[in-house]
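1. here is my input; please provide its structure:
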Amino acid sequence: MLRVLGILVAAVCAILAAVLTWPGFFRVEHIYPITQIIAFRAVVLVAMAAVTVVALLLAIIRPLRVFALSIALIVGLAAIANTVVLVSRGTGTDTLPAKTDGAIRVMTWNTAGEATSPQSVAQIAVAMDADIVTLPETTIETGEQVALAMRDLGHPMWAHHDEFGENGWDARSTTLLISPDLGDYAVIESSVEGTTNTSTVPSAVAMPVDGNGPIVVAAHAVAPREEYMQHWQGDLQWLADQCGNGANVILAGDFNATVDHMARLGIGGGTLGHCHDVASETGNGAVGTWPTDLPGLLGAPIDHVMASEAWVPTGSIVLRSLDGSGSDHRPLIVQLEPAG
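-> Predicted coordinates:
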């Protein structure tokens, strides 16, 4: 009887380890609470490593040896597989390449409303020589303060935004700053029904007025809380739809999703629609951008810059030195070069 029970427990462990390691293959990445667990793949890896060590220690006890070694083998292999995934996505680079004449830099930072001062945002954006800055959970009033501070630092920007209602909740506003060097832009207004935007918190879509230059989407998907799972899935699909075939698009913001959650939303080799995740292609895909009270390699990489095939990613950096700035998110800055 105990032998049968041991086989059943080992089988359950094998299934659970496989599901948490390859959630997209099993099509469970959008199922609560697996969605929340796999957001922290590095934490899952640490837990698996701990289980492996405990199982190896239990193998010292002769009656438990076969069972314990079986568990150690199963969970240990899963831990190795998770390590390979994380390393392949990139565990962190500290610098950006030199900025060429045709390159643009994109910065995204969920400021958590008034938790982050406009001066801090402006100083970082100027230091990073950002041409596009997306600021989820930032009102247009704060965004204009950032733009003015950047202008005073010799780096002028135009401020755009989209918002849902006027109830004073900063999360219902998303601000977008664009350098005048990229030309004039205008934000498309959301329809009354919200069918041209994300569901609960807004994304700002800015189009070049003269038709040249990339479409810029300052993205903000709702968090995948249990009661918002359907809205969250719809938001990710809406964001994927912005990256059509042949489009010149840059998406940047708080997606409240890792690339694991986008496993079935990529088209033609893209990460989300036809867009590619820049951090994953430039050595920072495994660095957590949220929350700041966890080390970068244990956090969830839910803030992204996505670019269509009109752009070639050349570098990225997740700023971990600003964890005490107020926001619970880390800034992500990437560099893109025009393709061809």
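
2. can you list the residue ranges for strands in the stretch 201-340 of the chain?
-> Here the stretch 201-340 of the chain has its strands, by DSSP state E, counting those that start in this stretch, at 204-208, 215-220, 249-254, 276-277, 303-307, 311-318, 332-338.

3. quick one: strands adjacent to the fourth one?
-> Note on strand 276-277: by DSSP bridges, its sheet partners are strand 303-307 (antiparallel).

4. quick one: residues contacting residue 111.
-> Neighbouring residues of residue 111 by C-beta atoms under 8 Å, 6 or more residues apart in numbering: 121, 135, 136, 137, 138, 142, 170, 326, 327, 329. Quick note: C-beta positions are derived from backbone N, CA and C, even for glycine.

5. mind putting those into JSON lines with distance to residue 222, neighbour count and pLDDT?
-> Shown next, in JSON lines, are the contacts of residue 111 (distance: C-beta to C-beta, whole Å; neighbours: other C-beta atoms under 10 Å; pLDDT from 0 to 100):
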{"residue": "121", "distance to residue 222": "23", "neighbour count": "29", "pLDDT": "97"}
{"residue": "135", "distance to residue 222": "17", "neighbour count": "34", "pLDDT": "97"}
{"residue": "136", "distance to residue 222": "11", "neighbour count": "31", "pLDDT": "96"}
{"residue": "137", "distance to residue 222": "12", "neighbour count": "26", "pLDDT": "95"}
{"residue": "138", "distance to residue 222": "16", "neighbour count": "33", "pLDDT": "95"}
{"residue": "142", "distance to residue 222": "21", "neighbour count": "23", "pLDDT": "94"}
{"residue": "170", "distance to residue 222": "15", "neighbour count": "21", "pLDDT": "79"}
{"residue": "326", "distance to residue 222": "22", "neighbour count": "15", "pLDDT": "90"}
{"residue": "327", "distance to residue 222": "18", "neighbour count": "23", "pLDDT": "95"}
{"residue": "329", "distance to residue 222": "15", "neighbour count": "26", "pLDDT": "97"}
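
6. which one of those is nearest residue 231?
-> residue 136 (15.7 Å; C-beta to C-beta).

7. what's the neighbour count on residue 304?
-> If you count neighbours by other C-beta atoms under 10 Å, residue 304 ends up with 29.

8. give the bridge partners for it, please.
-> Beta-bridge partners recorded for residue 304 (DSSP bridges): residue 253.

9. among the strands of the stretch 201-340 of the chain, which is nearest residue 289?
-> When these are compared (using C-beta to C-beta), the closest one is strand 303-307, at 3.9 Å.

10. quick one: contacts of the closest one?
-> 106, 108-110, 219, 239, 243, 249-255, 259, 271-272, 275-279, 289-290, 313, 316, 329-330, 332, 334, 336.

11. do the same with stretch 209-216
-> 132, 134, 176, 178, 182-186, 205-208, 242, 247-250, 252, 308, 310-311.

12. among those, name the buried ones.
-> Neighbour counting by 16 or more other C-beta atoms under 10 Å classes 132, 134, 176, 178, 182, 185, 205-206, 208, 242, 248-250, 252, 308, 310-311 among the contacts of stretch 209-216 as buried.

13. re earlier: and the contacts of residue 111, which is closest to residue 71?
-> residue 329 (36.8 Å).

14. who's in contact with that closest one?
-> 109, 110, 111, 112, 254, 289, 290, 291, 292, 303.

15. if you rank the residues you listed by neighbours, which is first?
-> residue 109 (31 neighbours).

16. list the contacts for that one?
-> With C-beta under 8 Å, 6+ apart, residue 109 has these contacts: 116, 121, 124, 133, 134, 135, 303, 327, 329, 330, 331, 332.

17. let's see it at 10 Å
-> By C-beta atoms under 10 Å, 6 or more residues apart in numbering, the contact set of residue 109 is 116, 120-121, 124-125, 130, 133-138, 252-254, 289, 303, 319, 322, 325, 327, 329-333.

18. and it, how far is that from residue 331?
-> According to C-beta to C-beta, to the nearest Å, residue 109 stands 4 Å off from residue 331.

19. shared neighbours of the two, anything?
-> 116, 120-121, 124-125, 130, 133, 135, 289, 303, 319, 322, 325.

20. so for whichever helix in the chain runs longest, mean pLDDT?
-> Secondary structure assigned by DSSP state H gives helix 65-89 as the longest helix of the chain. Throughout helix 65-89, pLDDT has a mean value of 97.

21. quick one: name whatever helix or strand follows it.
-> Tracing the chain past helix 65-89, the next element assigned as helix or strand by DSSP states H and E is strand 104-108.

22. what angle separates that following strand from strand 332-338?
-> Compare the direction of strand 104-108 with that of strand 332-338 by axes from the mean of the first three to the mean of the last three C-alpha atoms, to 10 degrees and you get 150 degrees.

23. and strand 104-108, how far out from the chain's middle?
-> From the chain centre to the centre of strand 104-108 is a distance of 14 Å (C-alpha atoms, centre = their mean, to the nearest Å).

24. distance of the nearest residue to residue 245 once chain neighbours are set aside from residue 312?
-> Once flanking residues are discounted, residue 245 sits nearest to residue 274: 5.4 Å by C-beta to C-beta, 6 or more residues apart in numbering. Plainly put, residue 274 is 14 Å away from residue 312 if you go by C-beta to C-beta.
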